[in-house]
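# make a model of this:
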Amino acid sequence: MVRARCTIQIGFRDPREADSVLEAVSPDNLEAPETIKIHSQVNGSLLTLRMESEAMLGTLIATLDDLLECIQAAERVLEEAKALDTRGGEAQ
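Numbering: from 1, shown residues only. Model prediction:
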């Protein structure tokens with residue numbers, strides 16, 4: 001059986017952003033295959049995701065790709081929320 005591991009670290013402007021993104025993409029809410037374990041933590045403004053797979057490498061890569069897409073979507077939502085806040089809540 002092949003075992004693959006991956007660690008991703010993403011820096012944010014502040015710890016609140018890192019916490020918000022982690023909450024949005026929490027592995028508890030992510031439908032990862034049973035053969036993949038995801039561990040995540042925030043240390044200051046640094047989000048760390050560790051993935052381990054007992055499946056084929058392609059499964060790990062596909063799950064990682066899905067997770068990164070979720071992170072990117074969460075970042076866009078944070079940016080839009082900040083933009084709304086600076087505009088006084090007015091949507092464009």
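# stretch 7-18 - what's its average pLDDT?
For stretch 7-18, the mean per-residue pLDDT is 95.
# can I get the CA coordinates of that stretch in CSV?
Included here for stretch 7-18 are C-alpha records, laid out as CSV according to Å, rounded to 0.1, in the frame of the first residue of the first chain:
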residue,chain,number,x,y,z
THR,A,7,1.7,19.7,4.2
ILE,A,8,0.4,23.1,3.1
GLN,A,9,1.0,26.3,4.9
ILE,A,10,-0.9,29.5,4.0
GLY,A,11,-0.1,32.9,5.6
PHE,A,12,-2.9,35.4,6.1
ARG,A,13,-2.8,39.1,7.1
ASP,A,14,-4.0,38.4,10.6
PRO,A,15,-5.0,35.5,12.9
ARG,A,16,-8.8,36.2,12.4
GLU,A,17,-8.5,35.6,8.7
ALA,A,18,-6.7,32.4,9.2
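# so for that stretch, what gets flagged as buried?
10, 12, 17, 18 (16 or more other Cβ atoms under 10 Å). (Glycine included, C-beta is placed from N, CA and C.)
# sort out for me which of those residues are in strands.
residue 10 (DSSP state E).
# which one of the buried residues of stretch 7-18 is nearest residue 74?
Among the buried residues of stretch 7-18, residue 17 lies closest to residue 74 (Cβ to Cβ), at 9.3 Å.
# chain neighbours aside, what residue packs nearest to the closest one?
Nearest non-adjacent residue to residue 17, counting by Cβ to Cβ, 6 or more residues apart in numbering: residue 78, 6.0 Å away.
# if we can go back for a sec, which of the buried residues of stretch 7-18 sit farthest apart?
Longest span within those, Cβ to Cβ: 10 and 17, 9.9 Å.
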